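# kindly generate the corresponding structure for this input.
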Amino acid sequence: MLDVIYKRRSIRKYQNKPVEEEKLNEVLKAAMYAPSGMNKQPWHFIVCKERKTLDEVQKIHPYSSMLSSAPCCIIVAGDTKMEHAKGSYIQDCAAAVENLLLAACALELGTCWLGIYPDKTRQEQFKKLFNMPSDIEPLCVVALGYPDEKKDMPQRFDQSKVHFEKW
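Okay, here's the model as predicted:
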């Protein structure tokens, strides 16, 4: 059951194969089942499949070269009018992104999380590119597609980072 957590990796090479609508809807549904402060669910998702749009994202995001092979990306943004407390959309949307990443992995899709926040210039560029209202703040881009690379599971558990009762 926990295998999907351990095998999820950031994928930067994708097959030339579209993501089926059913799988796309499943990962978006999983994202929307994330916890959020007072269940406000301040997230929004912009799905990009057109090559022109994927190329435009690459022009404004310096670490998005994997979008040249990815058939799809999802922009995750938060509605500041819907957040529980100032800035809480960041936590809420991050939880949604993690659900999305894990669901994609379970469906044998690859993903890569590309931060937009906290770079204010980058946020403004994404807001302009996607015509976002003023109360919507972009958090990240998630590349999505069928992996064209295999990555081994590293050992990440580190007991020295676990503290009981106090530091």
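
# parallel or antiparallel, list what pairs with the longest strand belonging to the chain.
For the chain, the longest strand by residue count, based on DSSP state E, is strand 136-145. With DSSP bridges as the test, strand 136-145 is paired with strand 72-79 (antiparallel), strand 110-115 (antiparallel).

# looking at these, which is buried most?
Ranked by mean neighbour count, the strands paired with strand 136-145 are led by strand 72-79 with a mean of 23 (mean count of other Cβ atoms under 10 Å). Just so you know, the C-beta spots here come from the backbone N, C-alpha and C atoms, and that holds for glycine as well.

# pLDDT of stretch 35-55, averaged?
Stretch 35-55 carries an average pLDDT of 98.

# how about it: buried residues?
Neighbour counts over stretch 35-55 (16 or more other Cβ atoms under 10 Å) mark 36-37, 40-46, 48, 53-54 as buried.

# what's the span of that stretch, first residue to last?
One end of stretch 35-55 sits 32 Å from the other (Cα to Cα, to the nearest Å).

# centroid-nearest residue for this structure?
In the chain, the C-alpha nearest the mean C-alpha coordinate belongs to residue 142, at 3.7 Å (Cα atoms, centre = their mean).

# contact partners for the closest residue to that residue other than its chain neighbours?
Of all residues not flanking residue 142 in the chain, residue 74 sits nearest, at 4.7 Å (Cβ to Cβ, 6 or more residues apart in numbering). Contact analysis of residue 74 by Cβ atoms under 8 Å, 6 or more residues apart in numbering lists 27-28, 45-48, 100, 141-142, 144.

# could you do residue 95 as well?
Contacts of residue 95 by Cβ under 8 Å, 6+ apart are 34-36.
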